[in-house]
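Asks: here are the coordinates; sequence isn't available:
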């Protein structure tokens, strides 16, 4: 797989996660393995700009009241469709990832 194809796949999947989080009125923080580069944002543009500056990020998801709902670990540089490497296993995060998982499966079938 070409580098740009992998990057595009990762961006599509992360974009879907972010859009779905914002559609649920969640707040998203981005932790880049060293520091929080963005905290409790509801700006699609700001969240996407905060991602992809290191080899991995963690999206921390909170509800509109600031209550912690879970986190999603992202690792870049593998196959693209497997960008979600781990996540908090609960109903809220599972539901949030439904669209991204469907997209990842579709992209895997198309490119592998």
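Replies: Nice, I can see it. Only a predicted model underlies this, so the values are computations on that prediction, with no experimental measurement involved. Numbers count the residues shown, from 1 in each chain.
Asks: from here on, just use CA atoms for contacts and neighbour counts.
Replies: Will do.
Asks: quick one: secondary structure of the spatially most central residue of the chain?
Replies: The residue lying closest to the centre of the chain (Cα atoms, centre = their mean) is residue 14, at 3.9 Å. For residue 14, the assignment made with DSSP: H, G, I helix; E, B strand; the rest coil gives helix.
Asks: how much space separates it from residue 4?
Replies: 15 Å (Cα to Cα, to the nearest Å).
Asks: and residue 52, by the same measure?
Replies: Between residue 52 and residue 4 the distance is 13 Å, computed by Cα to Cα.
Asks: of those two, who's got more company?
Replies: Between residue 52 and residue 4, counted using other Cα atoms under 10 Å, the more crowded position is residue 52 (17 against 9).
Asks: pretty sure that one sits in a strand.
Replies: No. Per three-state DSSP, residue 52 lies outside any strand segment and is coil.
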